[in-house]
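Chemist: Build me a model:
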Amino acid sequence: MTGGSNKNNPLAFRRSLTIAPGDGLHPNSLLKPKISDISLTSSMETLQPPQLAEGGNAAGSNILKEKLSTSSLSSSVPTIAPPPTPASPFSTSGPSYDVLGRLVYIPPLPAPPKVKWAKFFPGGYDPKYQIPLKGTKMMYAIQAIGGLAILFYGYDQGVMSGVVINDDFKRLMKLDSSPQTARDSAAIGGIVAIYYAGSLIGGMVGGFLGDEIGRVKTTIFGCLVGIVGAALQASTQSFGWMCAARVISGFGTGHLNAIIPVWSSEMASHDGRGAILAFEFFLNIAGLAFAYWLEFGLKYASSRSQSFVWRFPLAFQLVFLVILVGLFSLFPESPRWLAKVGREDDARQVLAVLRTEDGDTNDEKVNEEMYSIMEVVDVERKMESSNNYTAMIFGSRKKDDGCNKLHLPRRTWLVIGLQIWQELTGIGVVTVYAPTVFQSASYTSYKADWLSGVNNIFYMFSVLVAVFTLDRVGRRVTLYWGAIIMAISLALCTVGARFAVRTTGSEQAAWGAVVASFTFIYTSTFGASWLTVPWLYPTEIFPLFVRAKGGAVSVLGWSIGNGVVTEITPFLFNAIGEWTFLLFCLLNVLALPYIYFLYPETAGKSLESMDVLFAQDSIFVHRQAKALAQLEKTNPQLVHDMESGKAQIVHAEESGPSKMTGMATPNELSEKLVEVAKAENM
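Modeler: Sure thing, here's the model as predicted:
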């Protein structure tokens with residue numbers, strides 16, 4: 001039996017009953033007579049499958065055929081009680097057809113046991129309470145709720161830019177020295193940066209919880225922690241209090257950062273993941289811009305006290321979080337996670353709601369995707385021993401462990417590295433310290449604040465470019481052109497800022513305009529390129545059994561990069577002034593070879609086919625691509641089997657390794673492909 005959620009329903013076997021291996025490959029037309037012989041009109045008792053005697057599976061299959069062809073299940077026929085023998089023709093595995101004629105895949109390994117402590121976490125997915133939307137409307141709703149979570153993340157990240165420059169806040173924190181001392185610069189940077197220490201820990205915990213208790217429960221838990229952190233920030237009375245509140249808030253937000261991109265990606269079709277994530281990050285920057293303009297309005301257009309001016313924006317975080325807590329349980333759980341934990345019926349129902357306009361669970365596309373997911377579940381249940389951060393980051397001590405064969409450590413460090421490089425491009429300098437950037441170009445405090453707000457609006461709308469280009473031009477090209485334009489912009493900002501502080505009058509205004517213009521170009525370019533790809537990449541390259549943890553290690557890299565940049569930026573401006581721009585210009589240039597040699601393209605590829613991209617031992621993209629291109633020529637069936645998690649890669653006697661017979665597990669994939677490459681003189 002495969003359907004566990006309806007085991008008490010007397011007619012449940014009608015959906016979950018699986019024909020024995022001898023019948024599994026018959027066309028649907030041959031199955032219909034067998035199904036039609038079963039009368040379901042008056043039976044209120046569930047058919048119990050006959051158990052095998054010593055005859056094994058074949059004998060049991062014959063018994064089943066006789067039962068199906070001769071038995072009528074009327075109210076007068078009692079339940080068939082199974083004799084105490086070990087096996088059943090119903091307990092088959094692999095490709096088969098259910099009694100409705102749908103091709104299904106049944107993993108031989110059982111689903112992991114239910115996590116007992118999950119009940120202590122509030123919320124969770126229940127099909128009975130799912131919002132009544134289907135198809136395109138459901139995807140729009142998913143984008144909206146996921147976007148709200150990302151909107152909060154942007155707001156939470158940007159709100160401190162107006163808080164740390166508020167005079168009342170600095171007096172309360174005892175950081176109001178004038179001119180600012182090195183100690184106070186470090187402390188202000190520390191208040192901003194310590195948030196990322198919390199998000200680092202929260203992201204790792206969120207990744208673990210996401211795999212164990214599901215994406216929905218983890219998101220709700222993160223929101224509840226975020227509510228506590230936001231309340232503590234808004235009511236802070238001291239430097240220590242504020243730092244503790246920032247850590248708690250970062251811990252909660254880290255859960256959302258790790259889970260929401262993964263959840264959205266697993267709900268989307270493979271050719272629309274980039275556009276969906278890009279739209280969510282449009283809302284992310286909208287949150288950042290909203291935070292900035294709210295603080296700008298309170299600062300210059302409000303008669304409220306200075307304390308209210310910075311406390312209210314911190315308290316406003318609660319609005320986003322309360323909405324998320326109230327609504328998120330009404331949305332579907334990831335179908336891939338549901339399949340992984342043995343809830344195949346729920347997974348099929350979610351796929352039907354996402355992919356069809358009428359929720360048809362028998363739709364051909366739904367069946368194909370469900371079959372593909374279950375094939376990968378089969379493989380990845382065998383890999384659960386590698387489902388931990390130690391194996392992902394450092395590899396397994398056992399040389400032949402699947403973690404090493406699937407190159408999980410390489411994938412993990414690529415994800416961490418890409419997030420760190422995202423921050424080293426310099427975006428944190430502009431988003432958090434934008435007023436300081438414009439003041440370095442000799443603008444007044446009011447003009448610097450105003451320009452910072454306008455820059456955030458340009459930043460927000462630039463993300464829409466990625467909605468239309470990310471899936472079309474690919475991830476690598478997007479990172480290339482982004483780094484090149486950002487490097488040029490920062491170089492010209494260096495020149496403009498240097499002359500702006502050394503000239504006066506109209507000449508100074510002209511150089512200041514150069515800084516403002518190329519800051520706008522830099523920020524818009526980042527929004528259209530580097531903002532989205534580092535968050536999209538981990539949702540694509542990790543296998544299902546560690547995908548939530550993959551999102552978590554992405555947050556690890558993001559937190560490290562953000563923490564370092566926001567901590568050192570006040571020092572850089574005090575120490576080297578406008579040369580800060582040139583430093584980040586050079587880092588953008590250095591990012592180009594890093595991307596060119598190490599990061600394979602993932603656009604347009606299904607989530608289930610990512611293992612193919614990382615099957616080679618070589619870390620260099622072009623060697624991987626060359627080997628796989630040759631393999632597709634010589635053995636396209638092998639590539640297909642690799643994509644589905646099954647590879648026929650055992651040697652033939654004397655035909656060489658490019659001739660494959662028999663079956664082997666993906667654990668052998670890497671070394672066999674190396675042999676293929678050698679045999680083809682590559």
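Chemist: element containing T431?
Modeler: helix 427-432 (DSSP states H and E).
Chemist: Could you do V104 as well?
Modeler: Secondary structure (DSSP H and E) places V104 in strand 103-106.
Chemist: helices or strands next to that strand in the packing?
Modeler: Using 3 or more CB pairs under 8 Å, 6 or more residues apart in numbering; DSSP states H and E, the elements in contact with strand 103-106 are strand 94-97, helix 364-381. Using the backbone N, CA and C atoms, a C-beta is placed for each residue, glycine as well.
Chemist: What pairs with that strand, parallel or antiparallel?
Modeler: Sheet partners assigned to strand 103-106 using DSSP bridges are listed as strand 94-97 (antiparallel).
Chemist: number of nearby residues for L631?
Modeler: Each residue near L631 was counted by other CB atoms under 10 Å, and the total is 22.
Chemist: residues contacting F251?
Modeler: By CB atoms under 8 Å, 6 or more residues apart in numbering, the residues touching F251 are 198-199, 201-202, 205, 225, 229.
Chemist: TSV please, covering those and showing pLDDT.
Modeler: Listed next are those as TSV, based on pLDDT from 0 to 100:
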residue	pLDDT
G198	92
S199	89
I201	92
G202	92
V205	93
V225	96
G229	96
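Chemist: re the thing from before, mind listing residues that contact the helix or strand just after the helix holding T431?
Modeler: Downstream of helix 427-432, the first helix or strand assigned by DSSP H and E is helix 434-439. The contact list for helix 434-439, computed with CB under 8 Å, 6+ apart, reads 161, 165, 429-430, 445, 447-449, 451-452, 455-456, 515-516, 519, 573.
Chemist: ranges for the strands of this protein?
Modeler: 94-97, 103-106, 650-651, 660-661 (DSSP state E).
Chemist: Which residue, other than its chain neighbours, is closest to the residue nearest to the spatial centre of the chain?
Modeler: Nearest residue to the geometric centre of the chain (CA atoms, centre = their mean): V262, 2.3 Å. Nearest non-adjacent residue to V262, counting by CB to CB, 6 or more residues apart in numbering: G551, 4.3 Å away.
Chemist: Stretch 446-464: which residues count as buried?
Modeler: Buried positions in stretch 446-464, judged by neighbour count with 16 or more other CB atoms under 10 Å: 447-453, 455-456, 458-460, 462-464.
Chemist: Narrow those residues to those in helices?
Modeler: 447-453, 455-456, 458-460, 462-464 (DSSP state H).
Chemist: Output the below-cut-off pLDDT ranges for this protein.
Modeler: In the predicted model of the chain, residues 1-92, 270-274, 397-404, 432-433, 544, 606-609, 638-682 satisfy pLDDT under 70.
Chemist: domain parsing for it?
Modeler: The chain is divided into the following domains under the TED database: 131-332, 334-386, 399-603, 607-648+664-680.
Chemist: From the ones in helices among the buried residues of stretch 446-464, pick the one nearest S524.
Modeler: S524 has its nearest neighbour among those in S462, at 3.7 Å by CB to CB.
Chemist: who's in contact with the closest one?
Modeler: So S462 contacts 285, 523-528 (CB under 8 Å, 6+ apart).
Chemist: Got a quick PyMOL command for the buried subset of those?
Modeler: Burial among those is assessed by 16+ other CB under 10 Å; the matching PyMOL selection reads:
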select buried, resi 285+523+524+525+526+527+528
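Chemist: Dump the contacts of S462 into CSV; add distance to K340 as well.
Modeler: Compiled in CSV, the contacts of S462 are given as follows (distance: CB to CB, whole Å):
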residue, distance to K340
I285, 33
T523, 39
S524, 40
T525, 38
F526, 35
G527, 34
A528, 35
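Chemist: Quick check: the farthest pair among the contacts of S462?
Modeler: Longest span within those, CB to CB: I285 and T525, 13.1 Å.
Chemist: quick one on the thing from earlier: show me which of the ones in helices among the buried residues of stretch 446-464 is closest to M610.
Modeler: Taking CB to CB as the measure, V463 is the one of those closest to M610, at 24.9 Å.
Chemist: Based on its surroundings, how many neighbours for the residue nearest to the closest one when sequence neighbours are not counted?
Modeler: Distances taken as CB to CB, 6+ apart place F282 nearest to V463, at 4.0 Å, with adjacent residues excluded. Residues lying near F282 (other CB under 10 Å) number 25.
Chemist: Would you mind confirming that F282 is in contact with V467?
Modeler: Yes - taking CB atoms under 8 Å as the definition, F282 is a contact partner of V467 at 7.0 Å.
Chemist: Overlap of the contact sets of those two?
Modeler: Common neighbours of F282 and V467 (CB under 8 Å, 6+ apart) do not exist.
Chemist: Can you give me the neighbour number for the nearest residue to R183 once chain neighbours are set aside?
Modeler: Leaving aside its sequence neighbours, R183 sits nearest to S177 (CB to CB, 6+ apart; 7.9 Å). Using other CB under 10 Å, S177 has 12 other residues around it.
Chemist: and S177, how far is that from S161?
Modeler: 20 Å (CB to CB, to the nearest Å).
Chemist: okay but G198 is in contact with H255, surely?
Modeler: No - taking contacts as CB under 8 Å, G198 lies outside contact range of H255: 10.6 Å.
Chemist: Same drill for these two, tell me which one is more crowded.
Modeler: Here G198 and H255 are compared on neighbour count by other CB under 10 Å; more neighbours surround H255, at 30 against 24.
Chemist: contacting residues around the more buried one?
Modeler: By CB under 8 Å, 6+ apart, the contact set of H255 is 202-203, 205-206, 209, 218-219, 221-223, 225.
Chemist: Redo those residues as CSV? Include distance to S440 and neighbour count.
Modeler: Formatted as CSV, the contacts of H255 follow (distance: CB to CB, whole Å; neighbours: other CB atoms under 10 Å):
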residue, distance to S440, neighbour count
G202, 33, 29
G203, 33, 31
V205, 39, 19
G206, 37, 33
L209, 43, 24
T218, 42, 29
T219, 40, 28
F221, 42, 22
G222, 37, 30
C223, 38, 25
V225, 37, 23
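Chemist: one step back: contacting residues for the residue nearest to V262?
Modeler: Contacts of G551 by CB under 8 Å, 6+ apart are 203, 206-207, 210, 257-259, 261-262, 538-539.
Chemist: Keep only those of the residues you listed that are in helices.
Modeler: Filtering those for helices - DSSP H - leaves 203, 206-207, 210, 257-259, 261-262, 538-539.
Chemist: ok, back up a step: can you list the domains of the chain in a markdown table and add distance to P107?
Modeler: Formatted as a markdown table, the domains of the chain follow (distance: least, CB to CB, whole Å):
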| stretch | distance to P107 |
| --- | --- |
| domain 131-332 | 17 |
| domain 334-386 | 4 |
| domain 399-603 | 12 |
| domain 607-648+664-680 | 10 |
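Chemist: Out of those domains, the one nearest K114 is which?
Modeler: Nearest to K114, of the domains of the chain and by CB to CB, is domain 334-386 at 7.5 Å.
Chemist: For A289, see how far away D363 is.
Modeler: 40 Å.
Chemist: The two - which one has more neighbours?
Modeler: Under the neighbour definition other CB under 10 Å, D363 and A289 were set side by side, and A289 has more, 24 against 18.
Chemist: for that one, what are its contacts?
Modeler: 158, 453, 456-457, 459-460.
Chemist: How about V501?
Modeler: With CB under 8 Å, 6+ apart, V501 has these contacts: 440-442, 577-578.
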